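Novice: Sequence plus the predicted model coming up.
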Amino acid sequence: MADPAADRARYDRATAHLDAPLAVVDLDAFDANADDLVRRARGKPVRVASKSVRCRALLERVLAREGFAGLMAFTLAESLWLARSGFDDVLLAYPSADRNRFAELTGDPKLAAAVTVMVDDPAQLDLIDASRGGTEEVRVCLELDTSLWLLGGRVRVGARRSPLRAPEQLAELARAVARRPGFRLVGVMAYEGHVAGVGDAVAGRPLRSRAIRLMQAAAKRELAVRRAEAVHRVRAVAPDLEFVNGGGTGSVQHTAAEDAVTEIAAGSGLFVPRLFDHYTSFRGRPAALFAQPVVRRPGVGVVTVLGGGYPASGAPGADRLPQPYLPEGLRYDPQEGPGEVQTPLLGGPADDLLIGDKVWFRHAKAGEMCERFDTLHLVRGDRVTDAVPTYRGEGRTFL
């Protein structure tokens, strides 16, 4: 187990020559988390979700490790950029309406060979055809809805993603792709976010945690049967299907146990942001942190740091806020919370902090931290061994 006080001392020593705000990635923790993902994947390759990393150097680092293969991107523009950067297996995890980029994709054989696009509606095929800038064949992946339906569909648990829920619906679209010139069906994806992205051990909420575990157990049973049937039907249309992608950081070992799944998606498990602290099935090591400098001492038991108001996406709530992490024992002022330009922090440790000292935070989500920083300082032990640009540091903001 990590020793927070020792970690704080290491990070402070490593970055003593650097002014905050700044962001770090602890390489020892990053590599240990990568090893754990591979262990839980049980021999199936892990496709790295780029949105949870947003740093080319770290994507290259993890893909060089045994057990990892391919990227899962979040926009078509990012997918093409990654392919041009040398990544040769990029799955776009979300449908796109980027006509200009589809023109680039269909006009470049290298891009067309490296990038697979997501489709869950024939209208998306129409848009791609109307955008063509060349005759290159488009690699297509179909997405299956994974949400759990209860009470005859009156209650839905899970993200609203694909409209394709029934195996026959997926097979019908597979037949439409197979009949259509200029497209090749190569994959199926089914992301069970209500299992992979929802912690089942909520601190101080035993009844809620129990309810989540019961829901997830039911969801895993139902999805395993439906996903297997959907894949069976699609393979009847496309016998040469290259991959079936499923899972996420919180469900790696459960999804890997399904015979129908050939690869696992994961990304947040490399950085382990605060939303991934509450799982009974695994424990990761916080690897990505950012530091804000103390700039005021307004009174006893309070300091003010510069900035820090970096909320995560999703339904608004306290769990979407960064966590004041080191030194331990700091909390937000409930009347202010984290601010864009300044953030008061309360607690006994405030009295030991001096102007210019660093307070270390963990973001609620993984890659979103990188939208705030140009550079990630890579820490090994108590030294910064390298500084690498984030997407933002390379002038890339894809959303």
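Specialist: Everything's here; your move.
Novice: Please report the distance of D35 from R61.
Specialist: Per C-beta to C-beta, to the nearest Å, D35 is found 13 Å from R61. The C-beta positions use only the backbone N, C-alpha and C, and glycine is treated the same way.
Novice: which one of those two has more residues nearby?
Specialist: More crowded of D35 and R61, by other C-beta atoms under 10 Å: R61, with 20 against 13.
Novice: where's the more buried one, which helix or strand?
Specialist: helix 56-63 (DSSP states H and E).
Novice: what's downstream of the longest helix along the chain, the next helix or strand?
Specialist: Secondary structure of the chain per DSSP state H: the longest helix is helix 206-237. Note on helix 206-237: by DSSP H and E, the next helix or strand toward the C-terminus is strand 243-246.
Novice: Show me what that next one pairs with in its sheet, parallel or antiparallel.
Specialist: strand 183-190 (parallel), strand 263-266 (parallel) (DSSP bridges).
Novice: residue ranges for the strands of the stretch 51-200 of the chain, please.
Specialist: 68-73, 90-92, 115-119, 138-143, 148-150, 155-157, 183-190 (DSSP state E, counting those that start in this stretch).
Novice: Minimum distance to V341: which of these has it?
Specialist: Set against V341 and scored by C-beta to C-beta, these come closest in strand 68-73, at 32.6 Å.
Novice: sorry, back to before: among the strands paired with strand 243-246, which is the most enclosed?
Specialist: With neighbours defined as mean count of other C-beta atoms under 10 Å, those peak in mean count at strand 263-266, which reaches a mean of 26.
Novice: so who does R274 touch?
Specialist: When contacts are counted by C-beta atoms under 8 Å, 6 or more residues apart in numbering, R274 is found next to 319, 322-323, 362-364.
Novice: go again using 7 Å as the cut-off
Specialist: 323, 362, 364 (C-beta atoms under 7 Å, 6 or more residues apart in numbering).
Novice: ok so, going back, may I see the buried residues of the helix holding R61?
Specialist: Of the residues in helix 56-63, 56, 58-59, 61-63 count as buried by neighbour count, 16 or more other C-beta atoms under 10 Å.
Novice: of these, closest to G199?
Specialist: Of the buried residues of helix 56-63, the one sitting nearest to G199 (C-beta to C-beta) turns out to be V62, at 22.9 Å.
Novice: Check the gap between the closest one and E78 for me.
Specialist: With C-beta to C-beta as the criterion, V62 and E78 are 17 Å apart.
Novice: And R233, by the same measure?
Specialist: The value you get for R233 to E78, if C-beta to C-beta is used, is 31 Å.
Novice: the more surrounded of those two?
Specialist: Shown here are R233 and E78; by other C-beta under 10 Å, E78 has more neighbours (22 against 18).
Novice: In terms of pLDDT, where does the nearest residue to the more buried one once chain neighbours are set aside sit?
Specialist: Once flanking residues are discounted, E78 sits nearest to F398: 4.5 Å by C-beta to C-beta, 6 or more residues apart in numbering. Looking at F398, its pLDDT is 96.
Novice: Same check on A2?
Specialist: 69.
Novice: Do I have it right that G329 meets L345?
Specialist: No - look at G329 against L345 with C-beta atoms under 7 Å: they stay out of range, at 9.7 Å.
Novice: between these two, which one's more packed in?
Specialist: Neighbours were counted for G329 and for L345 using other C-beta under 10 Å; L345 has more, 26 against 13.
Novice: nearest spatial neighbour of that one, skipping sequence neighbours?
Specialist: Nearest to L345 is L330, by C-beta to C-beta, 6+ apart, at 4.5 Å.
Novice: show me what contacts the one you found?
Specialist: 324, 345, 347, 349-350, 359.
Novice: next one: T116
Specialist: Residues in contact with T116 (C-beta under 7 Å, 6+ apart) are 91-92, 139-141, 186-187.
Novice: got it, and V90?
Specialist: When contacts are counted by C-beta under 7 Å, 6+ apart, V90 touches 71, 73, 79, 82-83, 114-115.
Novice: do you know how far it is from R39?
Specialist: Counting by C-beta to C-beta - V90 and R39 are separated by 25 Å.
Novice: try R132
Specialist: Per C-beta to C-beta, R132 is found 43 Å from R39.
Novice: neighbour-wise, which of those two wins?
Specialist: Neighbour totals were compared for R132 and R39, and R132 leads with 16 against 13 (other C-beta under 10 Å).
Novice: With A23 as the reference, measure out to that one.
Specialist: For R132, the distance to A23 - C-beta to C-beta - is 40 Å.
Novice: Then A171?
Specialist: 45 Å.
Novice: just M369 next, same as before
Specialist: Taking C-beta to C-beta, one finds M369 at 6 Å from A23.
Novice: low-confidence ranges in the protein?
Specialist: 1-2 (pLDDT under 70).
Novice: buried residues in stretch 4-19?
Specialist: Those buried within stretch 4-19 under the rule 16+ other C-beta under 10 Å are 7-8, 10-12, 14-15.
Novice: Give me the subset of those lying in helices.
Specialist: Among the buried residues of stretch 4-19, the members falling in helices (DSSP H) are 7-8, 10-12, 14.
Novice: now, which of those sits nearest T280?
Specialist: Using C-beta to C-beta, those come closest to T280 at D7, 23.7 Å.
Novice: Spatially, and excluding backbone neighbours, which residue is closest to that closest one.
Specialist: Nearest residue to D7, sequence neighbours excluded (C-beta to C-beta, 6+ apart): L326, at 6.6 Å.
Novice: Could you count how many residues lie near that neighbour?
Specialist: Neighbours of L326 (other C-beta under 10 Å): 23.
Novice: and it, what does it touch?
Specialist: Here L326 is in contact with 4, 7-8, 360 (C-beta under 7 Å, 6+ apart).
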